[in-house]
Structures are given as C-alpha cells and as structure tokens.
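**Q** Here is a sequence together with a model predicted from it:
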Amino acid sequence: MELHWIEIIVLIVAGLMVGFINTLAGGGSIISLSVLMVLGLPANIANGTNRIAIAVQTLTASGSFRQQRVLDTRKGITLGIPALIGSIVGAFIAVDINETFFEKSIAVIMLLMLIFILYKPQKWLSGKEELLKKKTSIFQIILFFLIGIYGGFIHMGIGYFLLTALVFSAGYDLVKANAVKVFIVLLYTPVALLIFLLHGQVNWEYGLTLTIGNVVGALVASRLAVKKGVNFVRWVIVIVILLTSGQLFGLYDIKKLAESVIRESKPVQQTEWALVIHGGAGGGTRESISPEKEQAYIEAIRHALDTGSYILKNGGSSLDAVETVIRYMEDCPLFNAGCGAVFTAQGNHELDASIMDGRDRNAGAVAGITNVKHPISAARMVMTASPHVMLVGDGAELFARKHGLEIVDSSWFFTQSRWNSLQRAREREKEKSQKHGTVGAVAVDKYGNLAAGTSTGGMTNKMHGRVGDSPVIGAGTFADNNSCAVSATGHGEYFIRNVVAYDISALMEYGGLSLIAATDSVINGKLIPIGADGGVIAVDYFGNIAMPFNTSSMIRGYMRSDGESGIYIFQDED
C-alpha cells in the first residue's frame, strides 16, 4: 500500500507527540489510535499497529534513561514480569465493558493524580527512600499484574497507572518512575504485538511510519526529563492530564480533529461524480456462466453505466441517475428485477424496491407488488409523494396507479429461464432456493449529493409474502451525505438482521473507517462467520468506491468523471 504524503506527515507528527507524551507522562495513544482509525484502520488493527511504535519508542527511551543512569533495571524486571504475564492475558481475553464508562473512569483517575501533583507535589518530586529499600511485596506483584492486563488490552493511558504505582508503592520520584515505567512497557509490548500479529491485526506501513515520530519524541523526552528534572516532568504531566481528560470527558474529540485536518489537507482523490451498479451476487461461477452470457452481462452493465453517467456529467442528480439505471435493469431480462424477476412458490412475481436520498435521508420503498412495471419508480414516488417510507402489496399498487405509473400484466415479468428455475426448485425441495439476484445503483453527483437504490424479484420459490432486504432502508439500501451510499445483494434475511447498509455507514461516521475498510469489515468480517452470502456496492462523498462480496461472483461496474471505469463479474478481477 502506497501512503499519501499527507498521511506520512500526519503519522510522523502524531508519533512525535505520542513518543514525547508517553515517555514523560502517558495517554499519548489517544492521539495515535485516533489518527490510525481516521486513516481507515478498524479499531482492533489500529490497536495492534500502535504496538509497533510503542515497542520501538520504549526501547529508545529505556536506552536513553539507562545511558543517563536513572533506570533501575533490576526493579523494572521484578515489576515488569507480572506486568508481562498480565499483558498476555489482556491481549487474549475478550472484555465486555462499557467503553464510555471506562474512559470516564480513566479521566477521574487522571484528575485525582492532578490534584496530588498540584497540592502535594513532594510525594511526586522527592520519592521515598524507605520504600525504595523494601523488597517487592505480593501487593505490588498483583498490582502490576492487573496493570499489565490493561496494558495488553488497549495500552491507552497505561502510563498514568504505572506512574502512580511506581511513585506511591515503590517510592520513585517522577524522573526515575518514568524510566522504570517505559522499561516495564518495553518488556510486555513485544509479546502483545506478537499476539496481534498472529491474529493479522497489524498494518506495517502505518506502524513503521508512526514509529519514526515516536522514536524522535521518546529521545527528546527522555533527555529533557533528566536535564530539566522532576519539576519539569511534573508540569508536563499536568498539561497532558488537562488535555487528555478533556477528550475523555467529551469536551472535544481528538479523532474528529484529526479527521478534519486530514480531510482538509488531503486533496479530493477521485472525481466530481461517480456511479457504481450491480446485477446481483452469487449468480454463478466461471464454469456455470457461458462466455455468451458473460458477454451479455458485460454489455448490459456497460449500457447501464453509459445511461447513468450521461445524466451525471450533464449536471443531473444522483437520484435521477440511480432511478434511471435501475429502470433499465428492470427492463433487462438478464437480471432478477422487473422483467427478469424470479417466480414465487405460487408461480407469480412479487417485486421489491427502495431508494434513498443522502441529502436528508428521505427514502421510499415498495414490497410485494405484482403489476408495476418499474418498482424503483414506485419507491421514489412513495418517497416524494407520500408521507410514508414503505407501501406494500395492493396498497402500493393502488398508489402507483393513482400517480400515473405504468401498470402491466403479469406476463410482462415472465421469462422462460426463470420459469425453468422455479420448476427445478420445486423438483428438488430439499435444495436451497436461489437466494441471490438483485440490481442496485449508488451515485454521487456534481453537487456532492449521494443516492442509493435497489430492486429485486426476491428468491426463487420464495414463500408468498416473503420480503427480503432490498426494500428495507438500512438493510439493503442506505444513503447519507455524511458517510456513503450503499446498495446490497445477497441472502436478505441475514442482511436485515445485521442492518448491513446502515452498519457500513455507521462504521464510517462514528468509527472513522474509510469506505473500503467499512465495507470489507461488514461483508468479510461480520457476514462470513455467520454464513451470510452476498455483497455491496458503495460510494462516498469523495467519489471513492467499494464493491466487496463473499460469493463466487457479483456482476458489477463503475464509472467516474475522470474517465476511470470497470466492469467485472468474478473474484479477483478488479
């Protein structure tokens, strides 16, 4: 992966701050974890990646403190061993904890430290000789074991716990406590890093770039600590506590600040408009799809892209492009929507569709309709001409007729290939019905507005009245200008239960993930373990696109205003 120069600068600057703060105080990982997640890493990978920089940072700082003769190596090893054991436990266990409550607890501990530092500075500045001479107690072993568990789990804020324990239980002043602190962290961090590596949760490019800053920050901090003395360290900790506790109490959000800096500094990577479409996931393999049918799919997708891109490049809205593209695909018998829709168990067609506007989250949907030629237009009419989001069955058909939409005889939807599929499904009742086959489109227009739409005939031999994810806003379709536009295709029941389309948006808006990271996290990270097949297409405000799927195939294509485009069917083509 090639890093953008803005990403390199941001990572190095963040590393400088983190290395300095962690060496003299603690809590610097709030900055590095925030930056890594803003750059698109999932939280667990950001956590593992951060350990690379922490390991090298503590090695550098420990060497510097030892060279300046302020590091008590023997005591550090004695207290570091239980911390090391604890870190192994912390890196492995799954902790069910309220993150907000936990962050508030850390903030309270930090503020208590602040009170002691300001009003009883001698406890921190001078150390206690009588405690230094005492042998390591059982209490200290348990204490550092528990601190190690926390350090192995997340590391953020570990410095405060170690400093407090080293000053009050071991009798060190702040300079010597900092030296032992970084040495203890050095002992357990490589082990925790190894565990993250074994689970594939480390990004080396980001981690090594961050390390450059961490090392320089640690060197500067360790030398200043000895040169300036304990009073200097004391005031650094005071400032860091005030800044960090503000983040933990919710007064400001470092991650959002980092995201703002990166987005404003980094040029828009893509184009002024973009269009992505799909013709369904899981429809076949290279062996089962003939060259003639493969070429037919490609031609149909190309025509759909040309149709939608014409609207977008001439200043049309993303909603118009999405509806027009899907109308064309509903008229194409190749796809499981409209004219090519599959049959239900009763031998008829029940069609579903939805559309959503990213500007204001307005949405419309229809389900179980049997005679409306273009379900996607009916869905848009529900959005614009009614106070409702979804209409179903007879009510949706009456609404469509009232508003002048084209009504057709059921024979319009008949195709011989779909009828044959129904007969095969009936003959093999124990065989799973075909679950995939949907059409969808997502787009961003010249005005930065996102839109998404999805239309389907459902699954072959489905029960009368069955409704899948396609008309369900948040499951099969979602659009929000603050995050992305998504259209899904796959086993609808799973997509509904996991609110797939909205989950991707939420991971971007609240988790700080990139479009690619968010879609991959859901399609490959969440759905595969529960046996859910399918895929999504997605686009964000910047024109970035994503088309992940976990089936043998997904008919898909995209086009952008910079001229970049592609049409694919199988895995490993794009």
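**A** Happy to help now that I have it. Please read all numbers here as calculations on a predicted model, not as lab measurements.
**Q** Please name the nearest non-neighbouring residue to Gly457.
**A** Ala341 (2.6 Å; CB to CB, 6 or more residues apart in numbering). Just so you know, the C-beta spots here come from the backbone N, C-alpha and C atoms, and that holds for glycine as well.
**Q** Do a quick rundown of the helices in the stretch 251-400 of the chain.
**A** Under the criterion DSSP state H, counting those that start in this stretch, the stretch 251-400 of the chain carries helices at the ranges 254-265, 291-313, 318-331, 375-385, 393-402.
**Q** Any idea which of the ones you listed gets closest to Ile545?
**A** helix 291-313 (12.3 Å; CB to CB).
**Q** Pull out the buried residues from that closest one.
**A** Within helix 291-313, the residues scored as buried using 16 or more other CB atoms under 10 Å are Glu294, Tyr297, Ala300, Ile301, Ala304, Leu305, Thr307, Gly308, Ser309, Ile311, Leu312, Lys313.
**Q** from these, which is closest to Tyr447?
**A** Using CB to CB, these come closest to Tyr447 at Leu312, 10.4 Å.
**Q** so where's the stretch 1-150 of the chain uncertain?
**A** 1-4, 27, 38, 40-44, 93-114, 116-133 (pLDDT under 70).
**Q** cool, and the stretch 451-574 of the chain?
**A** For the stretch 451-574 of the chain (pLDDT under 70), the answer is 574.
**Q** For it, just list every one of the strands.
**A** 477-479, 484-490, 534-540, 545-546, 553-560, 565-570 (DSSP state E, counting those that start in this stretch).
**Q** Give me the sheet partners of the shortest one and which way each runs.
**A** Just to be clear, that refers to strand 545-546. strand 534-540 (antiparallel) (DSSP bridges).
**Q** show me the contacts for the nearest residue to Ala221 once chain neighbours are set aside.
**A** Once flanking residues are discounted, Ala221 sits nearest to Thr23: 3.7 Å by CB to CB, 6+ apart. Neighbouring residues of Thr23 by CB atoms under 8 Å, 6 or more residues apart in numbering: Gln57, Ala61, Asn178, Val182, Gly217, Ala218, Ala221, Ser222, Ala225.
**Q** you'd agree Thr23 is in a strand?
**A** No: according to DSSP: H, G, I helix; E, B strand; the rest coil, Thr23 belongs to no strand; its state is helix.
**Q** What separation do you get for it and Asn50?
**A** 15 Å (CB to CB, to the nearest Å).
**Q** Tell me which of the contacts of Thr23 fall in helices.
**A** Members of the contacts of Thr23 lying in helices (criterion: DSSP state H): Gln57, Ala61, Asn178, Val182, Gly217, Ala218, Ala221, Ser222, Ala225.
**Q** Now Ser87: which helix or strand?
**A** Assigned by DSSP states H and E, Ser87 belongs to helix 73-92.
**Q** Does anything pack onto that helix? Which helices or strands?
**A** Counting contacts by 3 or more CB pairs under 8 Å, 6 or more residues apart in numbering; DSSP states H and E, helix 73-92 packs against helix 138-153, helix 174-198.
**Q** Identify, from the contacts of Thr23, the entry nearest to Ser317.
**A** Among the contacts of Thr23, and counting by CB to CB, the member closest to Ser317 is Gly217, at 48.4 Å.
**Q** In this structure the closest one contacts Ala14, no?
**A** No: taking CB atoms under 8 Å as the definition, Gly217 is not a contact partner of Ala14, at 9.6 Å.
**Q** Could you list the buried residues of the helix holding Ser87?
**A** Buried residues in helix 73-92 (16+ other CB under 10 Å): 75-76, 78-88, 90-91.
**Q** Most widely separated two among the residues you listed?
**A** Every pair of the buried residues of helix 73-92 checked by CB to CB; the farthest is Lys75 and Ala91, at 24.2 Å.
**Q** Next one: Gln140 from Asp394, what distance?
**A** Applying CB to CB to Gln140 and Asp394 gives a distance of 75 Å.
**Q** Please say which of those two ends up with more neighbours.
**A** Between Gln140 and Asp394, counting by other CB atoms under 10 Å, Gln140 is the more crowded of the two (19 against 11).
**Q** between the ones in helices among the contacts of Thr23, which is nearest Gly476?
**A** Gln57 (45.7 Å).
**Q** so who does the closest one touch?
**A** Gln57 neighbours (CB under 8 Å, 6+ apart): Val18, Gly19, Asn22, Thr23, Val182, Thr211, Asn214, Val215, Gly217, Ala218.
**Q** As TSV, these with distance to Asp572 would be great.
**A** Listed next are those as TSV, based on distance: CB to CB, whole Å:
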residue	distance to Asp572
Val18	38
Gly19	40
Asn22	41
Thr23	45
Val182	45
Thr211	32
Asn214	36
Val215	38
Gly217	41
Ala218	42
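**Q** so which strand or helix has the closest residue to Gln57 other than its chain neighbours?
**A** Nearest residue to Gln57, sequence neighbours excluded (CB to CB, 6+ apart): Asn214, at 3.9 Å. Following DSSP H and E, one finds Asn214 within helix 204-228.
**Q** Next, the buried residues of that helix.
**A** Quick answer for helix 204-228 (16+ other CB under 10 Å): 206-207, 209-226.
**Q** And the residue nearest to Leu197 when sequence neighbours are not counted, how far from Ala165?
**A** Excluding its sequence neighbours, the residue lying closest to Leu197 (CB to CB, 6+ apart) is Gly48, at 7.3 Å. Distance of Gly48 to Ala165, computed by CB to CB: 25 Å.
**Q** Which one's more surrounded, these two?
**A** Taking other CB under 10 Å, Gly48 and Ala165 do not tie; Gly48 has more neighbours (25 against 22).
**Q** Assumed the more buried one was part of a helix.
**A** Yes: Gly48 forms part of a helix when assessed by three-state DSSP.
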